[in-house]
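K.L.:
kindly generate the corresponding structure for this input.
(chains A and B)
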Amino acid sequence: MKAYISIFRLRVAVQLQYRAAAAAALFTQFFFGFVIIMVYHAFYASSSQVQPMSLQQAVAYAWLGQATFRMQPWNGDQEVMAMIRSGNVAYEMCRPLNLYFLWYSRLVSLRLVPTMMTGIPMFIVVLFLPTGFKAALPVSAAAGGAWFLSIFMALLLGCAISNLITISSMWTIAGDGMQRIFPAVIMVLSGLIVPLAFFPDRLQQLLRFLPFSGLVDIPFRFYLGMIPASDIFSLGLLQLFWTGVFVIIGIRLVSMGMKRVVVQGG
Amino acid sequence: MSQIVVEDLKKSFKVARRQSGLLNSFKGFIKREYETIQALKGISFELEQGDLTGYIGPNGAGKSTTVKILSGILVPDSGKCEILGRTPWRQRKEHVRHIGVVFGQRTQLWWDVPVIDSFDLLKDIYRIPQQSYTRMKDELVDVLSLQTLLEMPVRQLSLGQKMRCELAASLLHQPPILFLDEPTIGLDAVSKIAVRDFIRKINRERKVTVILTTHDMDDIEALCSRIMVIGKGTILFDGNISQLRNAVIPERIVKIDFLEEPRKLDYSVARLTGQSENHAEFRFNPLKISANELIRTISANNQIKDFIVENPPIEEIVAKMYHGFKL
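P.N.:
So this is what the prediction gives:
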């Protein structure tokens, strides 16, 4: 366990070097946050129907989405994938470690640090924006607590998904295909693009049980108070369940992959 | 009991075949043709503790494949391999605790952090107790002169500096066995000598069993008490260096610079293999005539400015060996 924590800590130290990337991401996320919110304004102004969430909630949802944007499973661990491609993975296999958890602990730092570096400063700023653009604090302390737990589990879930993308490059040569297809689908199904509340009712019921709502929709609705904080037990369990499923699949794939591995070159 | 026992190890790879050209690419898209390449056709050997064995052979002979199987990375098709009583690919995690590995063409250090951070990480990975870690690290830093390198990010090190750090990294957990896959590749003369001295030292003082693959015959001559030559997946030769030379090419090469154009260059005891202006190369059999005797004979007719005696290159020995084995 200590080894994995050390790997995590060293990766955190490395990630903290990338200040320019954090600044660039901050700019991008503000830009897209404003674009999305303006679309919501137009959408709410042009419709007289009762919407599943208020405009204020939708605005906060959008900012939460941007603040946790870099936490999502957009891709695999590029360095590990390059190692698998080049054969440098040979060294990783010479360590008395479980490759799955080695890569997993790297991923947690890879997702956590950039999110903290852009997400936190960004969210503090948006709390003070003018009305119509500002995000509110969680509706209650309990909602805040439930959100915190839930977003942490979303991180673990996202890393389990990212790790599957990483592992897929043990089979594909380039690994890009997986990185294009999966994130696009996952992000729609998670509610990052459009909150799941706006989806058709029948589809919503299905999506709530799929793993992807656990990345975005579940934690965000805790924050907005759309689901009671006490639901953290059942919904948190759902997040953990899917995390477990992906982890087990990943571990199996790694051990299968290691049996057929051909270390390229040299 | 032997530390390393390998019996009839076999490994094949499936390689996709495709002829060049767009049309063939389309054919390959629909129906792919595979070819099975026998990387190892059943190799066997045993190594004792403290052996320093050179494992040589041309590119694609199966050297790296063997090392990768021994270090638990590849799973062979069949055969037995026991290292310290363990089967590498079955008990990988326990096995790799007791070996050190250096792949000359790859790096185990994290390229974007200082060397010392990689070392500290290895300490946690191998669960090395603080005390023995500090002792071993200090010793390695001292012997390999890493003092000034420890704080530098790996990406800024030269190849020679990096290789010294790699060697240190592979030994922090004090493994009784060390696999070195081309550790001197691309190094300059000074670094090569530093690496060789170090390998010799840990082998003598710590009784570390070393398997060394290389293309550099000087590595072999400087270090190895035993040589195994592998070619096309089989072990062609297993013995010491003079046995190898005598078995394949017992000749030496002498290269001579003359003060003026040489007059007489045909001798019965040596074969002229090259000549240009004031320079000539001979091959001779040291069992028939000593180098000293030969130089004296040549200098009787000619004014010698300088000369050098060397062994035929490894490529030649291996190539000759292949020819002999009709591979």
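K.L.:
could you use CA atoms for every contact and neighbour count after this?
P.N.:
Noted.
K.L.:
and the residue positioned nearest the centre of chain B, what does it touch?
P.N.:
Taking C-alpha atoms, centre = their mean, the centroid of chain B lies closest to residue B:214, which sits 1.9 Å from it. Counting by C-alpha atoms under 8 Å, 6 or more residues apart in numbering or on different chains, residue B:214 makes contact with B:54, B:55, B:56, B:181, B:182, B:183, B:184, B:185, B:220.
K.L.:
let's see which of those end up in helices.
P.N.:
Residues of these located in helices (DSSP state H): residue B:220.
K.L.:
can you map out the helices along chain B?
P.N.:
B:22-30, B:63-70, B:92-96, B:115-125, B:130-143, B:159-171, B:189-206, B:217-223, B:241-248, B:291-301, B:314-325.
K.L.:
those: which one's closest to residue B:257?
P.N.:
helix B:291-301 (11.1 Å; C-alpha to C-alpha).
K.L.:
identify all contacting residues around the closest one.
P.N.:
B:262, B:263, B:264, B:265, B:269, B:270, B:309.
K.L.:
return the residues of chain A in contact with chain B.
P.N.:
By C-alpha under 8 Å from any C-alpha of the partner chain, the residues of chain A that approach chain B are A:2-4, A:6-7, A:10, A:14, A:88, A:90-98, A:258-262, A:266.
K.L.:
what subset of those residues is buried?
P.N.:
A:3-4, A:6-7, A:10, A:14, A:88, A:90-98, A:258, A:261-262, A:266 (16 or more other C-alpha atoms under 10 Å in any protein chain shown).
K.L.:
in helices, which of the residues you listed fall?
P.N.:
Short answer: those in helices (DSSP H) are A:3, A:4, A:6, A:7, A:10, A:14, A:90, A:91, A:92, A:93, A:258.
K.L.:
which two among those residues are spaced furthest apart?
P.N.:
A:14 and A:258 (27.7 Å).
K.L.:
picking up where we left off before, and the residue nearest to the centre of chain B, its phi and psi?
P.N.:
phi -160, psi 160 (degrees, to the nearest 10).
K.L.:
any idea how far it lies from chain A?
P.N.:
12 Å (C-alpha to the nearest C-alpha, to the nearest Å).
K.L.:
if we can go back for a sec, and the two most separated of the contacts of helix B:291-301?
P.N.:
Checking the contacts of helix B:291-301 with C-alpha to C-alpha, the most distant pair is B:263 and B:309, at 20.9 Å.
K.L.:
the more surrounded of those two?
P.N.:
Comparing residue B:263 with residue B:309 by other C-alpha atoms under 10 Å in any protein chain shown, the one with more neighbours is residue B:309, at 14 against 10.
K.L.:
can you name the residues bridging to the more buried one?
P.N.:
On the basis of DSSP bridges, residue B:309 is bridged to residue B:254.
K.L.:
is it in contact with residue B:257, as I believe?
P.N.:
No. If you go by C-alpha atoms under 8 Å, residue B:309 and residue B:257 don't touch, sitting 11.9 Å apart.
K.L.:
domain parsing for chain B?
P.N.:
According to automatic domain parsing, chain B comprises the domains B:4-246, B:251-311.
K.L.:
rewinding a little: looking at the contacts of helix B:291-301, which are in strands?
P.N.:
Using DSSP state E, the subset of the contacts of helix B:291-301 located in strands is B:270, B:309.
K.L.:
spatially nearest residue to the closest residue to chain B within the stretch 101-250 of chain A, not counting backbone neighbours?
P.N.:
Shortest the stretch 101-250 of chain A-to-chain B distance, computed as C-alpha to the nearest C-alpha: residue-wise this is residue A:102, at 10.1 Å. Of all residues not flanking residue A:102 in the chain, residue A:4 sits nearest, at 6.1 Å (C-alpha to C-alpha, 6 or more residues apart in numbering or on different chains).
K.L.:
in contact with the one you found, which residues?
P.N.:
A:101, A:102, A:105, B:125.
K.L.:
where's it relative to residue B:126, distance?
P.N.:
The spacing between residue A:4 and residue B:126, counted by C-alpha to C-alpha, to the nearest Å, is 11 Å.
K.L.:
likewise residue B:233?
P.N.:
33 Å.
K.L.:
quick revisit: turn the helices of chain B into CSV, columns for mean neighbour count, mean pLDDT and distance to residue A:18.
P.N.:
CSV is the format used below for those (neighbours: other C-alpha atoms under 10 Å in any protein chain shown; pLDDT from 0 to 100; distance: least, C-alpha to C-alpha, whole Å):
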stretch, mean neighbour count, mean pLDDT, distance to residue A:18
helix B:22-30, 12, 72, 41
helix B:63-70, 22, 90, 35
helix B:92-96, 20, 92, 34
helix B:115-125, 21, 93, 18
helix B:130-143, 16, 94, 30
helix B:159-171, 22, 92, 24
helix B:189-206, 16, 91, 34
helix B:217-223, 18, 84, 42
helix B:241-248, 15, 80, 53
helix B:291-301, 14, 88, 63
helix B:314-325, 15, 74, 47
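K.L.:
how about those helices in CSV, adding distance to residue B:285?
P.N.:
Putting the helices of chain B into CSV (distance: least, C-alpha to C-alpha, whole Å) gives the following:
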stretch, distance to residue B:285
helix B:22-30, 52
helix B:63-70, 30
helix B:92-96, 45
helix B:115-125, 49
helix B:130-143, 40
helix B:159-171, 36
helix B:189-206, 28
helix B:217-223, 18
helix B:241-248, 10
helix B:291-301, 9
helix B:314-325, 15
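K.L.:
so for residue A:118, which of the ones you listed sits nearest?
P.N.:
helix B:115-125 (26.1 Å).
K.L.:
just how off-centre is that closest one within its chain?
P.N.:
26 Å (C-alpha atoms, centre = their mean, to the nearest Å).
K.L.:
is chain A within reach of that helix?
P.N.:
Yes. Helix B:115-125 is in contact with chain A by C-alpha under 8 Å from any C-alpha, via B:117, B:121, B:124, B:125.
K.L.:
ok, residue B:99 touching residue B:178?
P.N.:
Yes. Assessed by C-alpha under 8 Å, residue B:99 is found in contact with residue B:178 at 5.6 Å.
K.L.:
shared neighbours of the two, anything?
P.N.:
Residues touching both residue B:99 and residue B:178 (C-alpha under 8 Å, 6+ apart): none.
K.L.:
which residue is the nearest non-sequential neighbour of residue A:191?
P.N.:
Nearest to residue A:191 is residue A:217, by C-alpha to C-alpha, 6+ apart, at 5.5 Å.
K.L.:
neighbours around residue B:290, how many?
P.N.:
Neighbours of residue B:290 (other C-alpha under 10 Å): 14.
K.L.:
ok, it to chain A distance?
P.N.:
For residue B:290, the distance to chain A - C-alpha to the nearest C-alpha - is 40 Å.
K.L.:
do the same with residue B:73
P.N.:
6 Å.
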